[in-house]
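>>> Give the three-dimensional model of this entry:
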Amino acid sequence: MPAESLLLSVPILLREMGLVATRCCQHLVALGEHLSTSTLMTRCVWLMLPRQNQAINGRIKIFTTEGGPTEFDMGKIIVDSAVQAGVKHLVFSSGPPCTEMTNGRVRMKAMDMKNKIEQYARSLGSFETFTPIGAGWFLENFLGKEVAPVFGGFPYFPDDQGYLTFRVPYWGGDEHVPWLSISDDFGDIVQGIFLDPGRWNGHFVHGVSDIRSFEQVVADFAAVTGNKARFQPILPTWEAFDTHGIQELEDVKLMFGFTQLTGGRYFGPEDTEVDTARQLKQITGLKLGRPEGQHKLTSARDWFAARFAN
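You can find the predicted model right below:
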């Protein structure tokens with residue numbers, strides 16, 4: 001792996017991914033060839049900041065500090081530190097300007113903060129390349145049994161009629177929900193950017209493994225497991241989503257409001273697309289000499305088959 005393509009994954013404020021992120025970062029570094037910390041520090045950084053709606057169990061409380069610095073304050077410190085360290089290539093986990101895109105109707109603080117940090121990093125003009133990336137809905141969220149009852153019980157607890165029911169509001173637009181396998185694909189997508197950072201400079205990358213509606217994802221699960229499963233939309237709008245008094249679910253509710261009001265556009269003004277992620281996955285697979293079957297993104301169906309099929 002050439003020096004200009006080396007990756008430093010920074011496990012800072014990994015509330016966004018919980019424990020999955022730590023394992024993912026370790027796996028990414030393990031893929032490198034004799035990576036040295038000093039070399040990495042001067043070349044490139046993968047910067048990830050917290051996003052509440054992706055991890056809603058008690059682990060995120062570790063980072064709760066009343067009266068402490070805001071996410072923008074922390075992000076600014078990290079970006080400034082990267083500049084001082086002479087980092088040339090920055091891949092930043094960002095989000096859409098929710099308040100702006102919904103004319104003030106939805107204010108997802110975490111997303112707005114991430115977008116604000118992105119704009120700050122862009123304004124500095126200190127990096128040779130700067131590539132923001134947005135992460136889709138983590139498929140790994142389905143691995144948490146403690147969260148399943150909030151969404152109807154799927155994929156663990158049958159309802160009174162014997163179905164594993166997934167209950168969430170409609171996504172909006174054409175129901176193109178962006179699903180992402182953190183463990184299978186996200187690291188490869190990021191590494192693909194670093195293998196040719198100039199090509200992706202300034203391009204907002206959609207971190208997506210598969211685009212499927214909620215109904216299709218549940219059907220994928222049922223097909224590979226043989227279990228009775230169904231999707232039941234919460235109607236009439238996102239405002240009917242019950243947070244059960246759980247503060248961390250407020251951003252989840254607002255996420256549905258955001259996507260319904262923007263016609264399903266989760267990453268920003270552009271339609272959700274998977275072609276870029278598909279290219280980056282293939283680039284990484286080819287560079288690492290993996291078998292051809294490992295050059296493709298993980299479909300939701302295959303993800304469920306690997307983890308839930310008997």
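>>> contacts and neighbour counts: CA atoms only from here.
Will do.
>>> Now do Thr99 against Gly75, distance only.
19 Å (Cα to Cα, to the nearest Å).
>>> brain fart, Pro96
For Pro96 relative to Gly75 (Cα to Cα), the value is 16 Å.
>>> still on that earlier bit, okay, Thr99 and Gly75: which has more neighbours?
Gly75 (25 against 16; other Cα atoms under 10 Å).
>>> For the strand or helix carrying that one, C-alpha coordinates in CSV please.
Here Gly75, judged by DSSP states H and E, is contained in helix 71-84. Output of helix 71-84 as CSV, limited to C-alpha atoms (Å, rounded to 0.1, in the frame of the first residue of the first chain):
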residue,chain,number,x,y,z
GLU,A,71,-20.0,18.5,19.0
PHE,A,72,-18.9,21.4,16.9
ASP,A,73,-16.3,22.5,19.5
MET,A,74,-14.9,19.0,19.6
GLY,A,75,-14.9,18.5,15.8
LYS,A,76,-13.2,21.9,15.3
ILE,A,77,-10.5,20.9,17.7
ILE,A,78,-9.9,17.7,15.8
VAL,A,79,-9.9,19.4,12.4
ASP,A,80,-7.5,22.0,13.7
SER,A,81,-5.2,19.3,15.1
ALA,A,82,-5.2,17.6,11.7
VAL,A,83,-4.2,20.8,10.1
GLN,A,84,-1.4,21.4,12.6
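>>> just the angle between the helix or strand following that helix and helix 71-84, please?
Going down the chain from helix 71-84, the next helix or strand is strand 89-93, by DSSP H and E. Orientation check (axes from the mean of the first three to the mean of the last three Cα atoms, to 10 degrees): strand 89-93 against helix 71-84 gives 170 degrees.
>>> how far does the helix holding Gly75 sit from the chain's center?
On the basis of Cα atoms, centre = their mean, to the nearest Å, the separation between the geometric centre of helix 71-84 and that of its chain is 21 Å.
>>> in stretch 72-80, what's buried?
Under the neighbour-count criterion of 16 or more other Cα atoms under 10 Å, stretch 72-80 has 72, 74-76, 79 buried.
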